[in-house]
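S.K.: Model the structure of this input:
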Amino acid sequence: MSAEQIQAILQIAAQNPPPQPATPAQLRAWFDASNSQMPLAQGLPTQTLRIPNGAGGNMAAELLSTPQADPRKLVIYYHAGGFVFGSLTSHRALCSYLAQFCGARVLNVDYRLAPEHPAPAAHDDALAAYQWALDQGYAASAIALMGDSAGGNLALSTAVRARNLGLPLPAAIVALSPALDLASEGASHHTVDDPFITRELMGFFNAMYVPGGDVRSPKVTPFYSADLQGLPPVQLQVGNRERLRDDAMTMAARLKAAGVDADCTVWDGMVHCWQLFAPVLDEALASLEQAGRFIAAHQRTAPAEGAGT
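M.R.: Numbers count the residues shown, from 1 in each chain. Below you'll find the predicted structure:
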């Protein structure tokens, strides 16, 4: 483990805490500024798109691709941020390194945020991005869904909803530090001293995205009552210093019990969404490389006119 690297990152983060008190707009500006400092992977063309959202409008997205990427393969990436902040800017670097490892194009999706757009807006937009990819001609077997924290929730939820709607299922799902146990029932929510995710912050996210609603509802998380049978292979990754550690471990166990090919890697010494620190943290790059190998092993291409527009 790169103990010196993670310690240096935590020291820098401690010097740049989120503003308190803060409006959602102020938190968004802080989060984007904090994460936009990470250097991008070199030589990576980025295409800005407008794609349909889940409310009949449209949303921004970025398509990142290496020269070696198979244009028939796509990874749809849903960013972190508790459904309140996060953007194309905050996750551009992460997605650029993922593109280097997965051999596919990466679509970074700018879904609607709370409190302006409460539940299930983000979940509807996540599904709309998948439907867009199918409409563009990408074969479902060549699409992977991936995200970190709230985005990991969206990746798993989108697959469940796609199955329920009778849509063809994606080839694979990767959930990094997924935020699934929104009611904070797991032991790690009460025992792990998380340097980033506090109980108060979890409560804030819930109040913004599910105001007065049921945080256990399958509309906002597949963790409690969703039928998980028939889902594609799932890779979960989480750090052992995360409040959300048990979200991933419990979800992996439930997926396996439902007959899904699922695996959870618990990274020693890692904190919430450590992949955002690529390339300055060795484990961040190693995690994205592991995800990329998993995706590449499961994606299958088929002739599909129009893919790659």
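S.K.: show me where this structure has helices.
M.R.: With DSSP state H applied, the chain shows helices at 3-14, 24-35, 92-102, 121-135, 150-164, 188-191, 199-209, 245-257, 282-298, listed in chain order.
S.K.: Quick one: closest of these to Q237.
M.R.: Taking CB to CB as the measure, the helices of the chain were each checked against Q237, and helix 282-298 came out nearest at 5.7 Å. From N, CA and C alone the C-beta is placed, and that goes for glycine too.
S.K.: average pLDDT for the closest one?
M.R.: Model confidence over helix 282-298, given as mean pLDDT, is 98.
S.K.: how much distance is there from it to the middle of the chain?
M.R.: From the chain centre to the centre of helix 282-298 is a distance of 14 Å (CA atoms, centre = their mean, to the nearest Å).
S.K.: residues in contact with it?
M.R.: 1-2, 5-6, 75, 94, 97-98, 100-104, 144, 146, 171-172, 174, 176, 232-233, 235, 237, 265, 267, 269-270, 274-279 (CB atoms under 8 Å, 6 or more residues apart in numbering).
S.K.: Any stretches of this protein with poor pLDDT?
M.R.: Within the chain, the stretches falling below the threshold (pLDDT under 70) are 1, 302-309.
S.K.: Just give me the longest strand of it.
M.R.: Secondary structure assigned by DSSP state E gives strand 70-78 as the longest strand of the chain.
S.K.: Specify the angle between that one and helix 92-102 in degrees.
M.R.: Between the axis of strand 70-78 and that of helix 92-102 there is an angle of 140 degrees, by axes from the mean of the first three to the mean of the last three CA atoms, to 10 degrees.
S.K.: for strand 70-78, packing partners?
M.R.: Counting by 3 or more CB pairs under 8 Å, 6 or more residues apart in numbering; DSSP states H and E, the packing neighbours recorded for strand 70-78 are helix 92-102, strand 104-109, helix 121-135, strand 143-148, helix 150-164.
S.K.: ok and the fourth one relative to strand 104-109, angle-wise?
M.R.: Angle of strand 143-148 versus strand 104-109, following the same axes, to 10 degrees, is 50 degrees.
S.K.: swap in the third one?
M.R.: Here helix 121-135 runs at 140 degrees with respect to strand 104-109, directions being taken by the same axes, to 10 degrees.
S.K.: List the buried residues of helix 121-135.
M.R.: Under the neighbour-count criterion of 16 or more other CB atoms under 10 Å, helix 121-135 has 121-134 buried.
S.K.: who's in contact with that helix?
M.R.: By CB under 8 Å, 6+ apart, the list of residues contacting helix 121-135 from outside reads 51-55, 59, 61, 74, 76, 78, 83, 107, 109, 111-114, 140, 143, 145, 150, 154-155, 157-158, 161-162, 167-168, 170, 209, 219-220.
S.K.: In PyMOL, select just the buried ones from those.
M.R.: The PyMOL selection below is limited to those of the contacts of helix 121-135 classed as buried (16+ other CB under 10 Å):
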select buried, resi 51+53+54+59+61+74+76+78+83+107+109+111+112+113+114+140+143+145+150+154+155+157+158+161+162+167+170+209+219+220
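S.K.: will you turn the buried residues of helix 121-135 into CSV that also has distance to G43?
M.R.: Formatted as CSV, these follow (distance: CB to CB, whole Å):
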residue, distance to G43
A121, 35
A122, 32
H123, 34
D124, 35
D125, 30
A126, 29
L127, 33
A128, 31
A129, 26
Y130, 28
Q131, 31
W132, 27
A133, 24
L134, 29
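S.K.: Just give me the residue closest to the centre of this structure.
M.R.: G147 (1.4 Å; CA atoms, centre = their mean).
S.K.: What distance do you get for Y97 to T191?
M.R.: The gap separating Y97 from T191 is 32 Å, by CB to CB, to the nearest Å.
S.K.: what's the closest non-adjacent residue to A61?
M.R.: Nearest-residue entry for A61: L49, 4.6 Å, with adjacent residues in sequence omitted and distances by CB to CB, 6 or more residues apart in numbering.
S.K.: which residues touch that neighbour?
M.R.: For L49, the set of contacting residues under the criterion of CB under 8 Å, 6+ apart consists of 60-63, 107.
S.K.: Who has more neighbours out of Y97 and T191?
M.R.: Between Y97 and T191, counting by other CB atoms under 10 Å, Y97 is the more crowded of the two (25 against 10).
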